[in-house]
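Please work out how this folds:
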Amino acid sequence: MLAKYGVPMLGLLALAFTFWSVARMTPGQVDAAPPQEPPASEFAHQIGGIGMVEPASETISIGTPVSGLITEVLARPGDRVRKGQPLLRLDERDLRAELALRKSGVEVAQARLEQLRRTPRAEDIPPAEARVEVAKAQLADAESQLRIIEAVTDRRAIRAEDLERRRWAVHAARAALAEAEASLARLKAGAWAPDIAVAQAELAQAQRQVERIEAELERLIVRAPIDGVILQVKARPGEFAAAAPLEQPLILMGSGGPLHVRVDVDERDAWRVNPKSRAYAAPRGNAKLRIPLAFVRTEPYVVPKRNLTGESTERTDTRVLQVIYGLPAGSEVKAGQLMDVYIETEK
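Numbers count the residues shown, from 1 in each chain. Predicted structure coming up:
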């Protein structure tokens, strides 16, 4: 009896337990509200897009014109800066030494030019005049010796060689006198005009070299291109700054005025954008806040989509038309923030 009915009864109990376990472990469906209210449009017909908040001047990536070691960072995120205000400095020790050398070259060139302009010195003229007098005396002596030997009537008493030597001595004395007189005249005339011109050109060249080094020093100071606010600083003292496009800019800044929203509209809906249509934006995480937008301009060139939301259903191989809208003053949004934008369209 037990063998006839016991085994089937155990099978039925096991089957019942199986159904009970499955029913208990099956998750139940519970209707629950989402953690954040999804954005919704109030327009009957609209197109939507992802908008990136940016300054009115667009985001400016600050770089360096030359590669070098960063020695000082003068800006911090949130600082308001004026146009031309220093933001960071690069190592300038070698150029400072070069500048000192070039300035000494200017001083040498100036001294040389001043020396030429002040010639002749008063102390140099008396020795030159004395040399002229010596040359005159030597000429007079040579002429006297020639007259004496020429006054001898008996040619057999003198040698022809002595006569010729004294004649050539007179010529040499006359040449020496002419040389001394020319040197004196040259000394009294002062510096030659072409020599002064050459000295002036050398001074100008030395000054240009100083200006070139000063320009190189100025390039080592990175300054703000516009009046604005510093958005991000990724430069640190001791780091090497390369004069090339960087994946992470050293400094990001933008104008400090009202913000703009750069909206990516799918190219298939680009023709539906009307500058006169109403538009509003909702910040991520606060769908109830709807900020009215004012049309600014449309970028005429359709570009690949870059502002990605990270959703699994999002396509990255699309091209978009970028439309720029202005945010009202006092909007509680930050540059770089993503926003859901809705633009009203006709049916």
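
list the buried ones in the helix or strand encompassing Tyr280?
For Tyr280, the enclosing helix or strand under DSSP states H and E is strand 279-283. Taking 16 or more other CB atoms under 10 Å as the neighbour-count basis, strand 279-283 is seen to contain the buried residues Ala279, Tyr280, Ala281, Ala282, Pro283. Every C-beta, even on glycine, is put in place using the N, C-alpha and C of the backbone.

What is the nearest of those to Lys188?
For those, the minimum distance to Lys188 (CB to CB) is 88.2 Å, reached by Ala281.

didn't that closest one look like it was pressed against Leu338?
No: between Ala281 and Leu338 there is no contact under CB atoms under 8 Å: 9.9 Å.

shared neighbours of these two, which are they?
Gly51 (CB atoms under 8 Å, 6 or more residues apart in numbering).

re earlier: report the strands that pair with the strand holding Tyr280, each with its relative direction.
Strand 279-283 has its sheet partners listed here by DSSP bridges as strand 291-292 (antiparallel), strand 338-344 (antiparallel).

quick check: mean pLDDT across the shortest one?
Regarding strand 291-292, the rounded mean pLDDT is 91.

again with the longest one
Over the span of strand 338-344, the pLDDT mean works out to 90.

So what's the gap between that strand and the chain middle?
In terms of CA atoms, centre = their mean, to the nearest Å, the gap separating the centre of strand 338-344 from the centre of its chain is 37 Å.

Ok, the first one next?
Computed by CA atoms, centre = their mean, the chain-centroid distance of strand 291-292 equals 38 Å.

can you list contacts of it?
Contacts for strand 291-292 (CB under 8 Å, 6+ apart): Arg278, Ala279, Tyr280, Ala281, Ala282, Pro283, Leu327, Pro328, Ser331, Val333, Met339.

Please report the distance of the closest residue to the fourth one other than its chain neighbours from Ala142.
So the one you mean is Ala281. With sequence-adjacent residues excluded and distances taken as CB to CB, 6 or more residues apart in numbering, Ala281 is closest to Met339, at 4.3 Å. For Met339, the distance to Ala142 under the criterion CB to CB, to the nearest Å works out to 109 Å.

Comparing the two, which residue is more hemmed in?
Taking neighbours as other CB atoms under 10 Å, Met339 and Ala142 compare with Met339 leading, 26 against 20.

Find the centremost residue of this protein, please.
Most central in the chain under CA atoms, centre = their mean is Pro65, positioned 3.5 Å from the mean C-alpha point.

Where is the longest strand in this structure?
Determined from DSSP state E, the single longest strand within the chain is strand 46-55.

Which elements pack onto the following helix or strand past it?
Note on strand 46-55: by DSSP H and E, the next helix or strand toward the C-terminus is strand 60-62. Counting contacts by 3 or more CB pairs under 8 Å, 6 or more residues apart in numbering; DSSP states H and E, strand 60-62 is packed against strand 251-254.

Note down every partner strand of the strand it packs on and its orientation.
Using DSSP bridges, the strands paired with strand 251-254 in its sheet are strand 60-62 (antiparallel), strand 228-233 (antiparallel).

any idea which element Lys103 lies in?
Going by DSSP H and E, Lys103 is in helix 93-117.

next SSE after that helix?
Counting by DSSP H and E, the next helix or strand C-terminal to helix 93-117 is helix 125-150.

and that following helix, which residues are buried?
Within helix 125-150, the residues that qualify as buried by neighbour count (16+ other CB under 10 Å) are Ala128, Arg131, Val132, Ala135, Gln138, Leu139, Ala142, Gln145, Leu146, Ile149.
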